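# Provided below for reference: sequence and predicted model.
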Amino acid sequence: MKLVITMSRRYGTGASIIAQQLSERIGIPVYDKVNVEQELYKNIYESEVEVIRELAEKPCIILGRCASEILKDRKNVFNIYVCADKEDRIKRIMEKDSITYEEAKEKVERTDEERALYYHEHTGKAWGDVNNYHMILNTSDLGVENCADILMRYFEKMEYI
């Protein structure tokens, strides 16, 4: 199966770490906002939707960009939502960016608001709605370091990889 994984996430959950670990273990690329925008600017694509559909022609992991909704009709797509407790996300951002608690809290809240607005504007749906995903991972409960293992075991059991 040519597995395409979409990963939506709350800011500060460690989803990019999980995506990178999966990428290395499965041997498929990870695409995020920067990659999608680069493809948009250097090619003839008219929209991010076209870029995402083109990227998904081959196995890959796509972080954000409403990819779960854009690719919802494809049978080889597995949609994941990564969340975590707000306090854990704030602490992770404090450490990652070397900023104060208040700065990290503001950054988490602002980024979550921006992502929710972006998702709603482009899909008309609520960001984080459990009905839009095959699996939800809470890194506060599971640990960022365990999520790639959980996904690998699941993909192997389901013979996706």
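Yep, it's here. Numbers count the residues shown, from 1 in each chain.
# how about residue 86, phi and psi?
Per-residue torsions, residue 86: phi -60, psi -40 (degrees, to the nearest 10).
# just give the closest residue to it, not the sequence neighbours.
Using C-beta to C-beta, 6 or more residues apart in numbering and skipping the chain neighbours, the partner closest in space to residue 86 is residue 108 (6.7 Å). For every residue, glycine as well, the C-beta is placed using N, CA and C.
# next one: the helix or strand harbouring that neighbour to chain centre, how far?
Assigned by DSSP states H and E, residue 108 falls within helix 101-123. Computed by C-alpha atoms, centre = their mean, to the nearest Å, the chain-centroid distance of helix 101-123 equals 14 Å.
# other SSEs contacting that helix?
Secondary-structure packing of helix 101-123 (3 or more C-beta pairs under 8 Å, 6 or more residues apart in numbering; DSSP states H and E): helix 67-70, helix 86-97.
# out of these, deepest packed?
Stretch with highest mean neighbour count among the helices and strands packed on helix 101-123: helix 67-70 (a mean of 23; mean count of other C-beta atoms under 10 Å).
# so after it, what's the next helix or strand?
Heading C-terminal from helix 67-70 (DSSP H and E), you reach strand 77-83.
# what's that next one in contact with?
Strand 77-83 has contacts (C-beta atoms under 8 Å, 6 or more residues apart in numbering) with 3-10, 13-15, 18, 56, 68, 71-72, 128, 130, 132-139, 147, 151, 155, 160.
# do that again at 7 Å, thanks
3-10, 13, 15, 18, 68, 71, 128, 132-139, 160 (C-beta atoms under 7 Å, 6 or more residues apart in numbering).
# swap in stretch 63-73?
4, 6-8, 15-16, 19, 30-33, 36, 48-49, 52-53, 56, 77, 79, 119, 122-123, 125, 132-133.
# just the terminal-to-terminal distance for that stretch.
Stretch 63-73 has an end-to-end distance of 18 Å (criterion: C-alpha to C-alpha, to the nearest Å).
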